[in-house]
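>>> Whatever this is, show me its structure:
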Amino acid sequence: MSRTVLSPYRTLSTSLQDMPRPAMRLVFGSEGPNPGALDLGGGEYSLGSDSDWNPDVHNLTIGCVLADVAELHPLFGAGGIAATDAVLQFALEWSSADSGWRGLGRPLRLTREQLSALDEMPVLQLVLPSGTMRGTGLLGVQVYLCEPGTADSADAGLARQRGARLGMLSDPVRVVIDSDGSLFPVLEESLGRNEALWEMRTCWNDPREEPFSSEYVALVLNRDHALFEQLGTRRGEQCGQTPLMRHVLASWIALLVHSVSADLEVEFDELVTGPAPTGDFASIAEAAAVLVRTGDLDTGSLGALFASVQRWLDRRIQATTTEAGE
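Sure thing, here's the model as predicted:
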């Protein structure tokens, strides 16, 4: 039986649907190399694809500015989420199912008068430590109640409890950590010493509809296995991945492509030869098709597929090593 906690107050996810969502302007940095943020459009960024930045070694600093915040005054007062004289807190939040980690930046306190006088909100900042980022994550601005105020006491929908989480102010931005193969949904779990080193976990009904995320498909690495330590990144080496991890990843990619191809048959071939996806969240089928196109994978037989994936990853590692030596 699942338990869902219902808020006694209005929240941004259920009210104020006509209120404009402010645009987010993001700046990514690090105390180490520049993470090389690439704006992919549609509310999605890729980090680390053309950079020496490594999320296992370097931290990530994120600055966020919201535009047109003066239009957010309906947050306060009758029909809003907080009393007219309340104080709200705004904080940049990172959440990632792939890494199992959630982080909040330093909150910013604002009253209705302060918010109405702003064209741009002061910069919201968040620092993600090294070793906490993997796969994909979501960035958004969360709103909390700092001081409930006393006005509008007759409106039962206004938040009264300090610290109440009132919802996400901005549309979420998806960030893909493209480093050491972490574009793929990879999980680490304790499966038992006698279980396999890795497995492909699937929970899709239709790979054309479900997103390419660890909720529906994942490479699950067994922490309890005797060879688990040999999967880790070898610090200081330019190639990034150990040979064993590269072999596991190649096998998982081949198994994923084969499974999706078997499900969709001719329709999968049409996805491979069709245009690249342009939506915010690529489906499992689209992701598999992109892998086939990018790696020029041979799907003629299962054996040919496994061999072509290994050749593709070897070429990528060789190209990375060559570039690093130049």
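>>> Pretty sure Thr150 sits against Ala82.
No: at 11.6 Å, Thr150 and Ala82 do not qualify as touching, with contact defined as CB atoms under 8 Å. Where you see a C-beta, it was placed from the backbone N, CA and C, and this is true even at glycine.
>>> Looking at those two now, which is surrounded by more residues?
When neighbours are counted by other CB atoms under 10 Å, Ala82 comes out ahead of the other of Thr150 and Ala82, with 30 against 10.
>>> ok, that one touching Gly167?
No: if you go by CB under 8 Å, Ala82 and Gly167 don't touch, sitting 11.6 Å apart.
>>> Wait, a strand at Val257?
No: counting by DSSP: H, G, I helix; E, B strand; the rest coil, Val257 is not found in a strand; it is helix.
>>> Distance check, Ser153 against Thr84.
As judged by CB to CB, to the nearest Å, Ser153 and Thr84 stand 11 Å apart.
>>> Can you pick out the residue with more neighbours from the two?
Applying other CB under 10 Å to Ser153 and Thr84 shows that Thr84 carries more neighbours, namely 18 against 11.
>>> Tell me who's in contact with that one.
Residues in contact with Thr84 (CB atoms under 8 Å, 6 or more residues apart in numbering) are Phe76, Gly77, Arg112, Gly149, Ala151, Asp152.
>>> Not including adjacent chain positions, what is the nearest residue to the second one?
Computed as CB to CB, 6 or more residues apart in numbering, the closest residue to Gly77 that is not its neighbour in sequence is Thr84, at 4.4 Å.
>>> Same question for the first one.
Closest residue in space to Phe76, ignoring its immediate chain neighbours: Arg112 at 4.0 Å, by CB to CB, 6+ apart.
>>> Distance of Met121 relative to Val266?
Going from Met121 to Val266 by CB to CB gives 51 Å.
>>> Revised request: answer the last question for Tyr144.
On the measure of CB to CB, Tyr144 and Val266 end up 51 Å apart.
>>> swap in Ile253?
For Ile253, the distance to Val266 - CB to CB - is 21 Å.
>>> ok, the two, which is more surrounded?
Using other CB under 10 Å as the criterion, Ile253 and Val266 rank with Ile253 on top: 25 against 7.
>>> That one contacts Val290, doesn't it?
No: at 11.2 Å, Ile253 and Val290 do not qualify as touching, with contact defined as CB under 8 Å.
>>> Which strands and helices lie in contact with the longest strand along the chain?
Scanning the chain for the strand with the most residues, using DSSP state E, yields strand 136-147. Helices and strands touching strand 136-147, as assessed by 3 or more CB pairs under 8 Å, 6 or more residues apart in numbering; DSSP states H and E, comprise strand 24-29, strand 60-66, strand 87-96, strand 165-168, strand 173-177.
>>> The fourth one pairs with which strands, parallel or anti?
In this case it means strand 165-168. Strand pairing for strand 165-168, determined by DSSP bridges: strand 136-147 (antiparallel).
>>> what does the second one give?
If you go by DSSP bridges, strand 60-66 pairs up with strand 24-29 (antiparallel), strand 124-128 (antiparallel).
>>> The ones you listed into TSV, with extra columns for mean pLDDT, distance to Pro172 and mean neighbour count?
Conversion of the strands paired with strand 60-66 to TSV gives the following (pLDDT from 0 to 100; distance: least, CB to CB, whole Å; neighbours: other CB atoms under 10 Å):
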stretch	mean pLDDT	distance to Pro172	mean neighbour count
strand 24-29	91	9	16
strand 124-128	93	14	18
